[in-house]
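Enquirer: I need the structure of the sequence given here:
(4 chains)
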2 protein chains.
Amino acid sequence: MRQKRITLKDIARETGVHVSTVSRALDPVERKSITEEVASRIQAAADALGYRPNRIAAGLRTNRTMTVGVMIPDITNVIFPPILRGIESVLEPLGYASIIVNTDSERDRETRLVDVLRDRGVDGIIHAAVLRSDPSIARAAAEGLPVVTLNRKVENSQIPYIINDEDAGICEMLRHLRDLGHRDIAHVAGPQDLSTGQLRLAAFRNAAATLSLDFDPALVATARRFDEKEGARCIRELLASGRRFTAALCANDRLALGAIDELREHGIDCPREISVTGFNDMPFLELIRPRLTTVRILQHSAGQTAATVLLKLMNGDKAEDIPMETILPVEIVVRESTARVRQDDEDRPA
Amino acid sequence: MRQKRITLKDIARETGVHVSTVSRALDPVERKSITEEVASRIQAAADALGYRPNRIAAGLRTNRTMTVGVMIPDITNVIFPPILRGIESVLEPLGYASIIVNTDSERDRETRLVDVLRDRGVDGIIHAAVLRSDPSIARAAAEGLPVVTLNRKVENSQIPYIINDEDAGICEMLRHLRDLGHRDIAHVAGPQDLSTGQLRLAAFRNAAATLSLDFDPALVATARRFDEKEGARCIRELLASGRRFTAALCANDRLALGAIDELREHGIDCPREISVTGFNDMPFLELIRPRLTTVRILQHSAGQTAATVLLKLMNGDKAEDIPMETILPVEIVVRESTARVRQDDEDRPA
DNA sequence: CTGAAAGCGCTAACAC
DNA sequence: GTGTTAGCGCTTTCAG
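Expert: From the prediction side, this is the model:
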């Protein structure tokens, strides 16, 4: 039933030359070593028969499959698709395809999936998961498989990583709030078992110091997940604490959206009474009122950069040509969820 | 540098048996044909050495790579990630991995990508693109490659397809509007070169007939893309036409969102003055005011179903056991963007 | 029950 | 320049 594919042997028979000659004629670099006439005759036959190289067979021989593995926590999270397109935009034109797997941020799933990828002979792996440490990918890298991580680094390893300048993002955002007159600024932190949550909290603390703002631990509420519900819960917690604050810097957009909703429930207007900021700049933000002030991450370029570095690794470029650390710039996007602190708030005694 | 993997040969040497024996011992079905003692000794050695089968090599031999190809227009479109997770949820536990490619709905890209997948020896393809016809995938299927399409059927082919009951969705929605007293209902149609756009327009027309509502061609505006901007443009066009309407049924959520925004620009309130409905039930809809009344499609189950059917095909199940057509139910989700038509509108002379 | 041998389709030394 | 040869790691006859 399943029609058999045209192989080199078929073309060899057709053109009356040896398969190795055919192989050479069809290989853009080896082609030079062959009489032009023969080469083009072979090419013609290949085209006529509709020959397609069997990468499985080639891969077995060369140990290169022209496919890479991409590991992400969850494709359903809107920040990842743009990253994937970024990766694809550099790899696909070069003939690479990607096997994409979702780790759900589970350690054992992640371990298993690394094997799934290696079993299929991927030439390299781009790892965009967010667990703080994970042995499996480090081991793969140590054994010589090209690996690049996105959004976080693997401690004690020689794995190149690409991260976004989240510190700068948080700091700029805090500066923005300070410039609007805010002094009592809460932080809705992300889960502390995810690198993103942890990093951003640290960044918030550092930024406060940099900007000479008080850092009040009581004004930090920590979410258990990056979702609207947790954002709402955190704000509730903050409100219940009785500590006053005029702005809430949230560790991501979903937390911020949940926070704004919850404030509304309490009859508190954002941004008039409390300013709220997000992080990531998800799509659709423009459609939600008030339009959220947030930090834009260039997911697409992050993907491109990761792919570019991975390529160098796969090409065996020498170590000094491979950037171990790439920090991508972020930018704050000021929209409607932040406003100047109200007079009566500002004028209060310190 | 690159550490060499453990092969059957290694564990054959280790255990003092022939590689074919090792191969059998490690194959769950062949294992029975081997002395239990030997088999477990081999198993132990394999575990100890950390053996992982090389699927490339196995694939070359068996023509099964345990990887499938998934073609979608654009992973960045929120409706696709849930489909992918649905596919993964049935395929991954069975040992399959997926190569995912984005077609951008371009015919030639699509053709090329089918080859990309076939070159890598995928065992089957799930094709969720939306172009109305496309020869490449039909050819692949005709040559015996297991193929299933999602969201649309390929004409004149024996390719099983899974679609959502969009007709019912549109009809239910129209009924909902009619029950609210609406009689002059506009349709913001999707691009007519995409099956979704075309199907939903046809469904709208049919539903109008079914429900004995007038179908007024002048109350149809056609978008060139499925986005907010086009939704806005279409509403502008409808408004400019001077034709009165009290509701607009849009071919998808983004068009609806754009429509509502544009109405607001014109000082027209949704739903008080004009009701608007969407289609798809994208995530985040809950966060946008007014909350959109829409048709929910079960993307995850659609993916699961597609994978299940593909499995049957790949297993070589006999034709009568393979459902050629699967129509998945949809449901309407009534939220806040639809309301009873206003008295003064309703009481007007026919 | 296990070993021997062939071969999937391709590439890469090595000859000539 | 082109043919010969030898595998890549695995599965699968076919013997024994």
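Enquirer: Any chance of the backbone angles for A:Val78?
Expert: Dihedral pair for A:Val78: phi -60, psi -10, per degrees, to the nearest 10.
Enquirer: Contact partners for the nearest residue to it once chain neighbours are set aside?
Expert: What sits nearest to A:Val78 in space, not counting adjacent residues and going by C-beta to C-beta, 6 or more residues apart in numbering or on different chains, is A:Met282, at 5.1 Å. Every residue, glycine included, has its C-beta placed from N, CA and C. Residues in contact with A:Met282 (C-beta atoms under 8 Å, 6 or more residues apart in numbering or on different chains) are A:78-79, A:253-254.
Enquirer: swap in A:Gln3?
Expert: A:Gln3 touches B:143-144, counting by C-beta under 8 Å, 6+ apart.
Enquirer: Out of the contacts of A:Met282, which comes closest to B:Asp167?
Expert: B:Asp167 has its nearest neighbour among the contacts of A:Met282 in A:Val78, at 29.8 Å by C-beta to C-beta.
Enquirer: Double-check the closest one against B:Phe80; I have them as touching.
Expert: No. Using C-beta atoms under 8 Å, A:Val78 is not in contact with B:Phe80, being 11.6 Å away.
Enquirer: Counting neighbours, go ahead and name the busier of the two.
Expert: More crowded of A:Val78 and B:Phe80, by other C-beta atoms under 10 Å in any protein chain shown: B:Phe80, with 23 against 19.
Enquirer: That one touches B:Val70, doesn't it?
Expert: No. Applying C-beta under 8 Å, one finds B:Phe80 not in contact with B:Val70, separated by 9.2 Å.
Enquirer: Now for those two: what residues contact both?
Expert: Residues touching both B:Phe80 and B:Val70 by C-beta under 8 Å, 6+ apart: B:Ala128.
Enquirer: want to throw the contacts of A:Met282 into CSV with pLDDT and distance to DNA strand C?
Expert: Converted to CSV, the contacts of A:Met282 look like this (pLDDT from 0 to 100; distance: C-beta to the nearest atom of the strand, whole Å):
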residue, pLDDT, distance to DNA strand C
A:Val78, 94, 39
A:Ile79, 94, 38
A:Asp253, 97, 47
A:Arg254, 96, 47
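Enquirer: so which pair among the residues you listed is furthest apart in space?
Expert: Farthest pair in the contacts of A:Met282 (C-beta to C-beta) is A:Ile79 and A:Arg254. Separation: 10.3 Å.
Enquirer: ok, these two, which is more surrounded?
Expert: The neighbour comparison of A:Ile79 against A:Arg254 (other C-beta under 10 Å) goes to A:Arg254, with 26 against 22.
Enquirer: check contacts around the more buried one.
Expert: Contacts of A:Arg254 by C-beta under 8 Å, 6+ apart are A:226-228, A:231, A:278, A:282.
Enquirer: any idea where the strands of the stretch 251-350 of chain A begin and end?
Expert: Secondary structure of the stretch 251-350 of chain A (DSSP state E, counting those that start in this stretch): strands at A:275-277, A:294-296, A:325-328, A:331-333.
Enquirer: Keeping just the C-alphas, turn the longest one into CSV.
Expert: So that's strand A:325-328. Output in CSV follows, covering the C-alpha atoms of strand A:325-328 (Å, rounded to 0.1, in the frame of the first residue of the first chain):
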residue,chain,number,x,y,z
GLU,A,325,25.6,34.9,28.2
THR,A,326,23.2,37.0,26.1
ILE,A,327,21.1,39.6,27.9
LEU,A,328,18.3,41.0,25.7
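Enquirer: That strand packs against which elements?
Expert: In terms of contacts (3 or more C-beta pairs under 8 Å, 6 or more residues apart in numbering or on different chains; DSSP states H and E), strand A:325-328 is packed against strand A:161-164, helix A:299-314.
Enquirer: Ok, which of those comes nearest DNA strand C?
Expert: helix A:299-314 (14.6 Å; C-beta to the nearest atom of the strand).
Enquirer: what's the distance between the closest residue to A:Ser195 other than its chain neighbours and DNA strand D?
Expert: Excluding its sequence neighbours, the residue lying closest to A:Ser195 (C-beta to C-beta, 6+ apart) is A:Arg152, at 4.1 Å. A:Arg152 sits 33 Å away from DNA strand D, going by C-beta to the nearest atom of the strand, to the nearest Å.
Enquirer: For A:Arg152, give me phi and psi.
Expert: Main-chain dihedrals, A:Arg152, degrees, to the nearest 10: phi -160, psi 160.
Enquirer: Any of the contacts of A:Arg254 buried? List them.
Expert: A:226, A:228, A:231, A:278, A:282 (16 or more other C-beta atoms under 10 Å in any protein chain shown).
Enquirer: What score does the second one have for pLDDT?
Expert: Just to be clear, that refers to A:Glu228. At A:Glu228, the model reports a pLDDT of 95.
Enquirer: residues contacting it?
Expert: For A:Glu228, the contacting residues are A:254-255, A:257-258, A:261, B:287, by C-beta under 8 Å, 6+ apart.
Enquirer: got the residues of chain A near DNA strand D?
Expert: Residues of chain A lying near DNA strand D by C-beta under 7 Å from any atom of the strand: A:16-21, A:24, A:33-35, A:38-39, A:60-61.
Enquirer: So which of those sits lowest on pLDDT?
Expert: A:Ser33 (86).
Enquirer: okay, now that one: neighbour count?
Expert: Look at A:Ser33: counted by other C-beta under 10 Å, it has 11 neighbours.
Enquirer: how close does the spatially closest residue to A:Arg296 that is not a sequence neighbour get to chain B?
Expert: Spatial nearest neighbour of A:Arg296, excluding adjacent residues (C-beta to C-beta, 6+ apart): A:Asp281 at 3.9 Å. As judged by C-beta to the nearest C-beta, to the nearest Å, A:Asp281 and chain B stand 14 Å apart.
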